[in-house]
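1. Return a 3D structure for these sequence lines:
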Amino acid sequence: MTTLSPTHSLPTAEEVALARESGRALSAHLQIRAETQQIEIFDDKGASHLVRVPVSALRLLVNVLTEIGEGNAVNIIPIHAELTTQDAADVLNVSRPFLVQLLERGEIPYHKIGTHRRVRYQDVIAYKKRIDAERSRALDALAEQAQALKMGYE
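-> Take a look at the predicted model:
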């Protein structure tokens, strides 16, 4: 089982600046046509070590650096991760009791390990996408209705 680490604090100004700089540099040298790339790492004694890295991992690193460069904290969760109810509630930004209600109503699949519920991350994200789409349709309908009633929203 994958456990989420506690929410990280926002990056410092120095981390933001370094993330911007390193993200741009890495992005400029990313060979998107290759499957792997080599990067050079220097240890604390100055010795050089070549490391082969999948291009997909480097793209992910560029995305992480971009987010940090914008001042955002970043959490990485594997798609197949199983979350606790608290972790799933945190992803949806709802309370744990509300999430448990969603689970009990069958809106998000879950399974139990002993007495503890576990939710797959991809099921939480699927629910989030579904609920966001429903909200968007409702807002569109309200806006259309407001325009039809000439309420000043154009």
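
2. Only C-alpha atoms from now on, for both contacts and neighbour counts.
-> OK.

3. In the record's domain split, what are the boundaries for the chain?
-> Annotated domains of the chain cover 13-69, 82-148 [automatic domain parsing].

4. Quote the end-to-end distance of the shortest one.
-> Domain 13-69 stretches 9 Å from its first residue to its last (CA to CA, to the nearest Å).

5. Show me the strands in this protein, by range?
-> Using DSSP state E, the strands assigned to the chain run over residues 36-42, 48-54, 82-83, 111-113, 116-120.

6. quick one: buried residues of the helix ranked longest in the chain?
-> Longest helix in the chain, counting residues (DSSP state H): helix 121-148. Within helix 121-148, the residues that count as buried by 16 or more other CA atoms under 10 Å are Y121, Q122, D123, V124, I125, Y127.

7. For it, what does the pLDDT average out to?
-> Across helix 121-148, pLDDT averages out at 93.

8. ditto for stretch 59-70
-> Here the average pLDDT along stretch 59-70 is 94.

9. How about that stretch, which residues are buried there?
-> Using 16+ other CA under 10 Å as the test for burial, stretch 59-70 gives R59, V62, V64, L65, T66, E67, I68, G69.

10. ok, now which ones touch the fourth one?
-> To tie it back to what came earlier, the one meant is L65. Residues near L65 by CA atoms under 8 Å, 6 or more residues apart in numbering: A19, R20, S22, G23.

11. Out of those, the closest to D44 would be?
-> Taking CA to CA as the measure, D44 lies nearest S22 of the contacts of L65, at 18.9 Å.

12. how far away is the closest one from Q145?
-> Distance, S22 to Q145, by CA to CA: 48 Å.
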